[in-house]
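>>> Everything below, folded, please.
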Amino acid sequence: MPRNRRPQNGNLLLFPASLPETEEGIEAAGIREPNPKATVTARAALPRQSKSTLFVRLLEAGARPPVVAHPGEDLGYDLFALETTLLAPRATVRVRTGIAVEARHPATGVPLGLLVRDRSSMAARGIATTGGVIDAGYRGEILVLMTNLGHAPVELKAGEKIAQMVPVPVLTGPVETVETLEDSARAEKGFGSSGT
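Below you'll find the predicted structure:
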């Protein structure tokens, strides 16, 4: 594939776990033209030569890559359950997705974090998604913490959309301890100070 073209699958690049992270692996995955003289790994090369935002490794045979219905308009990528999972009433379960991801800004290649949030269809069933902060450097499997807020068990089927991932910039930096903070209009006014 010429380097100035986007991959055929839009803003996702899929790199199966069964393929090595080498130039040959990149060629086998159909990502770009091989360069026999290149010495960079797939992980280092992909973000710099692609307009994609999300790079996905499929860790299990039944895993499905995230999808976005309207790229450029929708905030999040829909995530799929890898396995059928039963959520007991008032219980929290780690639901597997079978994927690992790497998020990059499509224009600059700067790493992005991801926030895992509820889907409205799940919220309507009384299922909440919690603890959904994915650091930009995390490369393990995406596990979704889901809590059944209802009084009856709920079954999540394999391949069902369960949550969504929202890309966010990484703005953390060094922490400095100081004696004073800059003045602000709110100052120390806290709970309920803005009225009801």
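>>> Where in this protein is the helix or strand with the lowest mean pLDDT?
One helix or strand of the chain scores below all others by mean pLDDT, DSSP states H and E: helix 42-45, with a mean of 40.
>>> In space, what's closest to V133 - neighbours in sequence excluded?
Of all residues not flanking V133 in the chain, L115 sits nearest, at 6.3 Å (C-beta to C-beta, 6 or more residues apart in numbering). (Glycine included, C-beta is placed from N, CA and C.)
>>> Residues in a beta bridge with that neighbour, which ones?
Counting by DSSP bridges, L115 is bridged to V133, V166.
>>> residue contacts, it?
The contact partners of L115, by C-beta atoms under 8 Å, 6 or more residues apart in numbering, come to 132-134, 165-166, 168.
>>> confidence score at it?
The model reports L115 with a pLDDT of 98.
>>> Next, the spatially closest residue to R139 that is not a sequence neighbour: phi, psi?
Of all residues not flanking R139 in the chain, A100 sits nearest, at 5.5 Å (C-beta to C-beta, 6+ apart). Main-chain torsions, A100, degrees, to the nearest 10: phi -120, psi 150.
>>> thinking again about what came up before, starting from the helix or strand that comes right after the least confident helix or strand of the chain, tell me which strands it pairs with and how they run.
Next in sequence after helix 42-45, counting helices and strands by DSSP states H and E, comes strand 54-58. Applying DSSP bridges, strand 54-58 is found paired with strand 12-14 (parallel), strand 99-104 (antiparallel).
>>> Tell me where this structure has strands.
Using DSSP state E, the strands of the chain run over 12-14, 54-58, 77-80, 85-87, 92-96, 99-104, 111-117, 127-130, 133-134, 143-148, 154-156, 161-169.
>>> Of the ones you listed, give the one that comes closest to A185.
Of all the strands of the chain, strand 161-169 sits nearest to A185, with 25.6 Å by C-beta to C-beta.
>>> I'm done for today, thanks for sticking with me.
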